[in-house]
Structures are given as structure tokens and as C-alpha cells.
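S.K.: Make a model of this:
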Amino acid sequence: MGLRWRALVLLAAFTTLRPEELAELRRKDIDMTASTVRVRMAAPELTTGRRVVGDTKSDAGKRVVTIPSVILPEIQHHLDVFAEKGANGLVFVGPEGGAFRRSSFGRIWRKARDKAGLPEFRFYDLRHTGNTLAAATGASLKELMSRMGHASVRAAMIYQHATSERDRKIADGMDAEIKSKRSGGAANPAGEAPPG
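M.R.: The predicted model follows:
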């Protein structure tokens, strides 16, 4: 993706913001101390190419999302080097200083995904990836809805499905808890003394 667009991809994947929300992010929306991004507005691009700044998709879209700390240095680098200056400056601008345009970015995205061997991977799939990762941490339905900016349960339920990988982690966690209790001299679930 190159350095200019790296932070855009990271925020799309790990905060699950919609492309139109990312397009209207301002410097004042990112709080590096609190590790959060505030979604206040959106700027979808119409099929005519016109950029329309306005409200988020729904009231639930107005939200504060915590940024994973591991990507904060890259977000800070982006703010220092590529974002518009001033508190109200756009976070994502093109090389000539213009606002983020889906049409211009699309060419860069397609080239990068093809090079990565993911020719069918859409930019919006980053949001799906992030929501799936959030669900895999054990996030509740309400927490997922808040992070995603959804008012309906239906969309969040998609990410609540159990996976064999998550189920393995649950079983491993239970295993560790049982082993911990047994090694501490507690009776095991069958009521027998621990081996040893």
C-alpha cells in the first residue's frame, strides 16, 4: 500500500470504520493519548464522483472506537507526515493534498491486493475482518454493535458465530483452568485427589 495509505488500511481493519467514515476523519477525531478515534461524520463518494459530507449512516454510527495500541505508532507517523495540518485537517489526503477519493484510491488498492495474491479482496472486507477478530475476542453482541456502529442486532450476529478456532481457544482456556486448580491441590471435577 505504501506509507501514505498504510494507516488507512490499518484503521479500516482494526477499528472497522466504514470507508466513508475514514474519508471524513479529522485530526481532532483521533486521540492518541486515549487511543481512540471518534466517528462524527461521513463523506461517501457518489457514482458521479461527487464527495458528499454529512452525517454517518445512522445515529449508531456516531461512536468512539478504541484503536489497538500496536498500530498507534503507525497512526502517529501518518499524522506527522501525511495528514492535513490543523485540528480540523483531514487525516487522509492524496499526494496533491486533495480529500480522499474512493475512485483514485481504488486503483492503488487493486494493484496492492493483486500483488498480495488477493484479487477478489474488497476494501470493505477489511471491516469484515476486523469485526470477525473483535468477535473472536469474546466481545458481547452489544459491544460488537457499538464498535461497528450498528443499531440492529442482525448485522452484529453475523460475527457472533462460533468458529472451530475460537472453540479450541475456549477449550484450551478451560484446560488451563482445570490444570491450575488440580496443581493447587483442589479436588478435580470427578472428586478424586489430583495425581501425583
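S.K.: Okay, buried residues for the top helix by length along the chain please.
M.R.: If you go by DSSP state H, the chain has its longest helix at helix 164-183. For helix 164-183, burial by neighbour count (16 or more other Cβ atoms under 10 Å) applies to R182. Placement of C-beta: from N, CA and C, glycine included.
S.K.: Packing partners of it?
M.R.: helix 125-136 (3 or more Cβ pairs under 8 Å, 6 or more residues apart in numbering; DSSP states H and E).
S.K.: What is the helix it packs on packed up against?
M.R.: Looks like helix 125-136 contacts helix 3-14, helix 141-148, helix 164-183 (3+ Cβ pairs under 8 Å, 6+ apart).
S.K.: Just the residues contacting the first one, thanks.
M.R.: In other words, helix 3-14. Helix 3-14 is contacted from outside by 1, 17, 19, 22, 25, 37, 67-68, 71, 74-75, 77-78, 81-82, 91-92, 95, 100, 105, 108, 123, 126-127, 129-130, 133, using Cβ atoms under 8 Å, 6 or more residues apart in numbering.
S.K.: Give me the buried subset of the residues you listed.
M.R.: Among those, those classed as buried by 16+ other Cβ under 10 Å are 1, 17, 19, 22, 25, 37, 67, 71, 75, 78, 82, 91-92, 100, 105, 123, 126-127, 130.
S.K.: coming back round to it: out of the helices and strands packed on helix 125-136, nearest to V52?
M.R.: helix 3-14 (19.3 Å; Cβ to Cβ).
S.K.: Need the CA coordinates for the closest one. CSV is fine.
M.R.: Extracted C-alpha coordinates of helix 3-14, given in CSV (Å, rounded to 0.1, in the frame of the first residue of the first chain):
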residue,chain,number,x,y,z
LEU,A,3,3.3,4.6,3.6
ARG,A,4,0.7,7.1,2.6
TRP,A,5,-2.2,4.6,2.7
ARG,A,6,-0.9,2.2,5.3
ALA,A,7,-2.7,3.9,8.2
LEU,A,8,-6.0,3.9,6.3
VAL,A,9,-5.8,0.1,5.8
LEU,A,10,-4.8,-0.4,9.5
LEU,A,11,-7.7,1.7,10.8
ALA,A,12,-10.1,0.1,8.4
ALA,A,13,-9.1,-3.4,9.6
PHE,A,14,-8.7,-2.8,13.3
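S.K.: Can you mark which positions in it are buried?
M.R.: Buried positions in helix 3-14, judged by neighbour count with 16+ other Cβ under 10 Å: 4-14.
S.K.: Throw these into TSV and include distance to D114 and pLDDT, thanks.
M.R.: Shown next, in TSV, are the buried residues of helix 3-14 (distance: Cβ to Cβ, whole Å; pLDDT from 0 to 100):
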residue	distance to D114	pLDDT
R4	19	92
W5	15	94
R6	18	95
A7	21	96
L8	18	95
V9	15	95
L10	20	94
L11	22	95
A12	18	94
A13	18	92
F14	23	92
